[in-house]
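1. Fold the following.
(chains A and B)
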Amino acid sequence: MPRITSRAALVVAAGAAALSLVLGGCTSTPSSNSSGNVLRVWAGSATPISENFNPFAVDTAVHATFGAIYEPLFFFNQLSSDAPTGMIGDTYSYSDDGKTLTVKIKPDLKWNDGEALTAKDVAFTFGYGSNKSDKLVNTEVKDDTTVVFTYSTPQFTEASLTLGSTWIIPEHIWSKITDYMAETNPKPVGSGPYKLESFSDASYTVVANEYFRDGEPAVKEVQYVGLDSNQSSQDLLTTGQLDWVGQFIANPDSVTASGDIATMNNQQDPTVIITCSNADLGCKGDQTDPAVRQAINAAIDRTAIASKAFAGLPAKSNPAFVLLPRDEQWLGDNANGESPQSPDAAKAGQILEAAGYTKDADGFYGKNGKAIELDLFSPDGWTDYNDAAKLISEEAASAGIRINARTVSDAEYWTPISNGDFQMALYGLTQSLVADPYSNYSQYFASNGTVKVGESPVTGQNYSRYKNDVVDQAVATAGATQDTATKQAAYAQIQTEIATDLPYIPVVLNASQAFFNVKKFEGWPTEDNLYANPLPYLSVASAVVLTHLKPVSN
Amino acid sequence: MPFYARRIVFYAITLWATISLNFLLPRLLPGDPAAIMIGKLRRANGGRPLSEETIKSIHAILGTGTGSIWDQYVAYWGRILHGDLGVSSTRYPETVSSLIGAALPWTLALVGTATIISFVLGVGIGAWVGWKRGTWLDHLIPATTLVQSIPYFWLALVLVAVFAVHLGWFPIVGGYDVFAFPDGPELSWPFFVSAVQHAILPIITIVLSSIGGWLLGMRNMMVSTLSEDYVTTAEAKGLRPKHIRGRYAARNAAIPSLAGFGIALGFVVAGSIVMEQVFSYPGLGKLMIQAVQGLDYALMQGVFLVITLAVLAANFSMDLIYGFIDPRVRHSG
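-> Next up, the predicted model:
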């Protein structure tokens, strides 16, 4: 008789609730409106949060370090093709050969401890810690606001890294720090709109920086909390205790129904089937044959994958690896502007038959009496990837290609991908941060970013071990010029090659949902005014959003 | 006292074996922690090439691949004896002892309290249900085991959705109100109240999901004890039923449950992984999960070591207490 227990449970729960109310009554701290203008954000940190504000610890430092406290010279808006906007920097220019970079910073800047921020700090930053580069041959401070960098190679394509994600640090603090990797920097001195107020392992708070160049931001206090599950965050958001999160919510309407919370979904990062594609470098398996990859590309049903595995949130991927419409001008052949959205088993069959494969008695294609059998893995618990892998396996099977989908632990996921001991995996590429697909090509497709199977690439992320001389040549050409027509021609070449070779088979363009409270704060990005991507975990962009916000006055 | 001497030797050997296993186990896991960390850094760094210096320091931090397994084993013992549990690689440069130190009190207080409440309630109600055997009270047994068989994750989520989100009686997450105490824990009455409020729902979920076992075990022991001759004798002597129930039946019936309780107390330290996840509650369980996922050997070993020590200590003290309350144990061999 469960009725008895549920009644007993109810009694216990009610008693406990009463106790909780009584205890609450003893204190006069109303928990929700202790200070009305605090913006509460979950940027994705799990508890316990580690106290680390070291801008060189890109993986372990807390989110507020990047943008809210430390700033780069310029802000590159990932969502637009507009020119970058100045943060510390005012203007920058490259010499014609791309080897000299002149940066002028804004005048009369101050660190949040009141000390002056000058070109000297900028020069110091580029010669410190992991910012050091053997290509940077000379740094010259012309005056308080001008610094000139001289490089041994053209730097056009490095702009977003050099100017957009190198965190400018104060010389008067960091010159005394010797072990920059072990530093936790508990009292960060930066130039951003906020400075650290308090820290605990459950949350930390930043407050407006009185020395900020544009004046104190209107939102005076921002509290970053640590949470362990998306469900908790969703609950806190619906009950009005959190104001800003960036996370996956399958049915966003349930959160936005009340009108207090608005949402925005910007798709940018390609989810792909990464293949170990190059037998010359030691890859093993049938996927090293481009025909097999092309057949899989034709066989999968991207519409079904997007709706069933990814809750209908992603956008369409393209084999040219450009972000549309942002990179419209860089797309060579319009045919490469979209991957096939519906499955075409007949086409997959033709591709395989043309390459000498024949169907066996079970209906699976193979060569020399051996059927194709491929392994496709994804990290256990990444349910969207796991479901997508299952669908891909089923769809490929109906086109006569045997793909075995399996899940692995996190540890078993990263290691084989980086050392090349795999056949296929579901994987996420990082979209180029600027309106130019160059970094997609140089990171993932150029052969100087790869090594033979058994080793991990050091300079690039070409884990597919892809090597194509035409692509390498075109990447080098595009990297050495600022001329639009030359670049367009080079990109068109690259796109034709990679859309045929498919070392990464595009699946979808992954969604990234942001949710924010529009009843308490205004000034959020809108579809018409996408001044920054409103995801709290993005560096710089999140701080740009914060400086645009104002508390709604009731 | 040969009994106690035997026990102490036995536990010393067990301790050595577990600490050695603790050294070995993480090294049997697949994957290379350095590859994971370098991969993550690479992505976080926007594809910027990692300097030689950075890669070298990552290998140094992770401490893998330096020296033979035997050298590592000797160094490991040296560190353990100095109380140095190493530096966490996933939360570099935080030390393992500080991470464990921050999580342990929450786990002990919450899971400890929940385990005690669950035991006391389970054994108390079990004794009573066993005494009233054959009446409608027997329905309590399948009902509580049914609740226990509900996956904890689901039960907790439902309780949170109903009592915390919908009714708003309890807070949704955390060990205390992070919005009211942004500076972290403090020694004050309001903070204590906040912590108690935040503990209630997690405790209820743990008790609901574990009480069935205690209840069932105690009730069945009670039923079999009640058929013993000495209980019949007591009844025949005309002792008051309350007296028989408490002094004669329940005391003897509780002995096996008490042994189970000792083991359960040891496992308190392991925390409740799922509870910590659902409530974002601070504790050791999630450190363990994070360590395993990130192949953080030092943290993994630290957490396992603490759990092992706690289980051994709990067993040891139960052994001693057992030998004291039940003389039969002392002479068995």
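
2. anything in the helix or strand hosting residue B:106 near chain A?
-> Residue B:106 is located in helix B:96-131, with elements delineated by DSSP states H and E. Yes. Contact of helix B:96-131 with chain A is found when judged by C-beta under 8 Å from any C-beta of the partner chain, involving B:99, B:102-103. Every residue, glycine included, has its C-beta placed from N, CA and C.

3. Any of those residues buried? List them.
-> For the residues of helix B:96-131 next to chain A, burial is judged from neighbour counts taken by 16 or more other C-beta atoms under 10 Å in any protein chain shown, and it is met by B:99, B:102-103.

4. Throw these into JSON lines and include pLDDT, thanks.
-> Rendered in JSON lines, the data for those read as follows (pLDDT from 0 to 100):
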{"residue": "B:99", "pLDDT": "91"}
{"residue": "B:102", "pLDDT": "90"}
{"residue": "B:103", "pLDDT": "91"}
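
5. for those, which one is nearest chain A?
-> Checking these against chain A with C-beta to the nearest C-beta, the nearest one is residue B:102 at 5.9 Å.

6. So which residue is smack in the middle of the chain?
-> Let's take chain A. For chain A, the residue sitting closest to the mean C-alpha position, by C-alpha atoms, centre = their mean, is residue A:430 at 5.5 Å.

7. Actually, chain B is the one I wanted.
-> Residue closest to the average C-alpha location in chain B (C-alpha atoms, centre = their mean): residue B:268, at 2.4 Å.

8. if I pick that one, what's in contact with it?
-> Residue B:268 makes contact with B:107-108, B:111-112, B:115, B:310, according to C-beta atoms under 8 Å, 6 or more residues apart in numbering or on different chains.

9. and the residue of chain A nearest chain B?
-> Scanning chain A for proximity to chain B using C-beta to the nearest C-beta identifies residue A:200 as nearest, at 2.6 Å.

10. Which of the three states applies to the closest residue in space to residue A:421 that isn't next to it in sequence?
-> With C-beta to C-beta, 6 or more residues apart in numbering or on different chains as the measure, residue A:453 is the residue that lies nearest to residue A:421, at 6.6 Å, once sequence neighbours are left out. Assigned with DSSP: H, G, I helix; E, B strand; the rest coil, residue A:453 falls in the coil class.

11. Correct me if wrong: residue A:453 contacts residue A:283.
-> Yes. In this structure, residue A:453 is within contact of residue A:283 by C-beta atoms under 8 Å, at 6.0 Å.

12. who does whichever strand or helix holds residue B:27 touch, helix- and strand-wise?
-> Following DSSP H and E, one finds residue B:27 within helix B:2-28. Other helices and strands packing on helix B:2-28, by 3 or more C-beta pairs under 8 Å, 6 or more residues apart in numbering or on different chains; DSSP states H and E, are helix B:69-81, helix B:297-325.

13. is it true that residue A:206 touches residue A:198?
-> No. Look at residue A:206 against residue A:198 with C-beta under 8 Å: they stay out of range, at 9.1 Å.

14. sorry, back to before: roughly how far apart are the residue nearest to residue A:421 and residue B:188?
-> In this view, residue A:453 and residue B:188 are 60 Å apart by C-beta to C-beta, to the nearest Å.

15. Over to residue A:229?
-> Distance, residue A:229 to residue B:188, using C-beta to C-beta: 29 Å.

16. The two: which is more packed in?
-> Higher neighbour count among residue A:229 and residue B:188: residue A:229, with 17 against 11, using other C-beta atoms under 10 Å in any protein chain shown.

17. What about residue A:196, how many residues nearby?
-> Burial measure for residue A:196: 24 neighbouring residues, criterion other C-beta under 10 Å.

18. ok, and it, which helix or strand is that part of?
-> For residue A:196, the element it lies in under DSSP H and E is strand A:194-199.

19. mind checking how far the nearest residue to residue A:433 once chain neighbours are set aside is from residue A:95?
-> Taking C-beta to C-beta, 6+ apart as the measure, residue A:433 lies nearest to residue A:160, with 4.9 Å between them; neighbours along the chain are not counted. As judged by C-beta to C-beta, residue A:160 and residue A:95 stand 18 Å apart.

20. neighbour-wise, which of those two wins?
-> residue A:160 (22 against 14).

21. residue contacts, the more buried one?
-> So, once contact is read as C-beta under 8 Å, 6+ apart, residue A:160 ends up touching A:76, A:432-434, A:439, B:46.

22. Most neighbours among those residues, please name it.
-> residue A:432 (26 neighbours).

23. that's a strand at that residue, yeah?
-> No. Checked against three-state DSSP, residue A:432 lies outside a strand; its state is coil.

24. Now it. Nearest residue, chain neighbours left out?
-> Nearest in space to residue A:432, with sequence neighbours left out and distances taken as C-beta to C-beta, 6+ apart, is residue A:439 at 4.5 Å.

25. pLDDT score for the one you found?
-> pLDDT recorded at residue A:439 is 89.

26. just checking, what packs against the helix or strand encompassing it?
-> Take DSSP H and E as the rule and residue A:439 turns out to sit in helix A:438-444. Where contact means 3+ C-beta pairs under 8 Å, 6+ apart, helix A:438-444 is packed against helix A:469-479, helix A:484-501.
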